[in-house]
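Asks: no sequence on this one, just coordinates:
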């Protein structure tokens, strides 16, 4: 069975500090991977997607970057956090050639 | 991008059948209709999807109008666990899902 794991579960960070959020997929080879962001009370927005190792497409610019260092790993990061980065970050996966996306448990981020 | 319109909220009682409507008057011929649901502090959960024919699975029945300008997600014998925000989404581009506000479904014991 596939498992999608996100870390950390939650984090409180200071404005201007760096951030790194992780996502791993187990049980599926070469999945498409996605990052989404949801502000408190807001709608989900897709930030990035990746179809293969080393290849990441940006969908929305939020002063964040993403990388896919391994087939089963997707990283979201920034060197300087803004207050506006607070929210709920979700990783999702889909099979190559299919459109149904399955979401992880998410990471809650609070920037102070 | 084609958009969907859903009621802000609906209410049902445990054990009843609830019909969640979605309007998508400008849907393109190759756009799939996806339904997800989300409870607070969790990621969205896939419910079902369809293109033209009605579909059914263990979670719900999706009824798609013959002109594809609207669809209805039907949940039978709803329980408290079905309380969530239900999102009707059109797949507008490969790999992209665009979420809106959805319908908040409340279930009364």
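Replies: All right, it came through fine. Worth saying up front: this structure is predicted, and the values here are computed from it rather than measured.
Asks: Check residue B:28 and give its pLDDT.
Replies: You'll see residue B:28 listed with a pLDDT of 87.
Asks: and the gap between it and residue B:43?
Replies: Distance from residue B:28 to residue B:43, counting by CB to CB, to the nearest Å: 27 Å. (Glycine included, C-beta is placed from N, CA and C.)
Asks: out of the two, which sits in the more crowded spot?
Replies: Under the neighbour definition other CB atoms under 10 Å in any protein chain shown, residue B:28 and residue B:43 were set side by side, and residue B:43 has more, 23 against 12.
Asks: And that one, which helix or strand is it part of?
Replies: Remark: residue B:43 resides in no helix or strand, with elements defined by DSSP states H and E.
Asks: Neighbours of residue B:69, how many?
Replies: Other residues near residue B:69 come to 12 when the count uses other CB under 10 Å.
Asks: Reduced to three states, what does the residue nearest to it when sequence neighbours are not counted come out as?
Replies: Nearest residue to residue B:69, sequence neighbours excluded (CB to CB, 6 or more residues apart in numbering or on different chains): residue B:25, at 4.8 Å. Three-state call for residue B:25 (DSSP: H, G, I helix; E, B strand; the rest coil): coil.
Asks: Got the phi and psi for the closest residue to residue B:101 other than its chain neighbours?
Replies: Counting by CB to CB, 6+ apart, residue A:43 is the residue found nearest to residue B:101 once chain neighbours are left out, at 6.2 Å. Backbone torsions of residue A:43, given as degrees, to the nearest 10, read phi -90, psi 160.
Asks: how close does residue A:43 sit to residue A:34?
Replies: Taking CB to CB as the measure, residue A:43 falls 15 Å from residue A:34.
Asks: residue ranges with poor pLDDT in chain B?
Replies: Where chain B drops to pLDDT under 70, the residues are B:1-2, B:92-95.
Asks: Please, where are all the strands along it?
Replies: Assigned by DSSP state E, the strands in chain B fall at B:9-13, B:18-23, B:33-38, B:45-50, B:55-56, B:61-64, B:70-75, B:84-90, B:103-108.
Asks: So which of the ones you listed is nearest residue A:57?
Replies: Nearest to residue A:57 among those is strand B:84-90; the distance by CB to CB comes to 19.3 Å.
Asks: Checking residue A:84 next. Helix, strand or coil?
Replies: Assigned by three-state DSSP, the conformation of residue A:84 is helix.
Asks: Distance of it relative to residue A:40?
Replies: In terms of CB to CB, residue A:84 sits 11 Å off from residue A:40.
Asks: Same question for residue B:79.
Replies: Relative to residue A:40, residue B:79 is positioned 27 Å away (CB to CB).
Asks: who in chain B is up against chain A?
Replies: B:32, B:34, B:41-46, B:49, B:91, B:94-101 (CB under 8 Å from any CB of the partner chain).
Asks: how does it look with 6 Å?
Replies: Proximity of chain B to chain A (CB under 6 Å from any CB of the partner chain) is limited to residues B:43, B:44, B:46, B:91, B:95, B:96, B:99.
Asks: Please name the nearest non-neighbouring residue to the fourth one.
Replies: In space, residue B:91 comes closest to residue B:32 once its chain neighbours are excluded; the distance is 4.6 Å by CB to CB, 6+ apart.
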